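[1] I'll drop the sequence and a predicted model, then ask my questions.
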Amino acid sequence: MEPWPLRCYYAVAWRWASDTEAMIVAHILIVDDEASDRLLLQRILERHGHEVCTAADGVEALLNLRTQASDLVITDLQLPDIHGLELISLLRDQSPRPIIVVVSGTGPDQLAIAKALGAQLTLNKPVYAEQLMAMVEQALASGARSAGSEPE
């Protein structure tokens, strides 16, 4: 197994959503060519106890996924090398398949295409912390339900 890329940071923590219910802590890959957007999303997610790895483009994202599977991939659509829609198609073929979330400022038509190609959730930029966390929690909860309902 290859070592983690240098851009992977860990905030391993277990946080309690309530007295009786534990939050789902996930490994999340953020793919965005804008460094400030990556850093913002990373800080929000790490503050909530998630393990976060970042990639500046689609090729780097695919390389990261070769060394470590992610529970959730948050990607922009406008990437410098592989368009985000193509990345979604490539992510669908990953095993195990990550939950795919698209965060982009490209408009509703592109987000609708992303959903049709396999993105579970989409969100327009700019992103606010509350929106992001609600979307991540929804995606992880639906992913956990899907995984729990599969036959063994």
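    Done, it's in.
[2] what's the helix or strand containing Leu91 packed up against?
    Taking DSSP states H and E as the definition, Leu91 sits inside helix 84-92. Packing partners of helix 84-92 (3 or more C-beta pairs under 8 Å, 6 or more residues apart in numbering; DSSP states H and E): helix 58-67, strand 72-75, strand 99-104, helix 108-117. For the C-beta atoms, the positions are set from N, CA and C on the backbone; glycine is no exception.
[3] so where is the protein shaky, pLDDT-wise?
    For the chain, residues meeting the criterion pLDDT under 70 lie at 1-23, 144-152.
[4] top helix in it by residue count?
    Longest helix in the chain, counting residues (DSSP state H): helix 129-149.
[5] report the distance from it to the chain centre.
    Chain-centre distance of helix 129-149: 11 Å, with C-alpha atoms, centre = their mean, to the nearest Å.
[6] same check, this time on stretch 126-136
    Using C-alpha atoms, centre = their mean, the offset of stretch 126-136 from its chain centre is 12 Å.
[7] over to stretch 60-79?
    A distance of 7 Å separates the C-alpha centroid of stretch 60-79 from that of its chain, computed with C-alpha atoms, centre = their mean.
[8] go through it and flag the buried ones.
    Neighbour counts over stretch 60-79 (16 or more other C-beta atoms under 10 Å) mark 60-62, 64-65, 68, 70-77, 79 as buried.
[9] how about those, which pair is most distant?
    Using C-beta to C-beta, the pair of these lying farthest apart is Gln68 and Leu77, separated by 23.3 Å.
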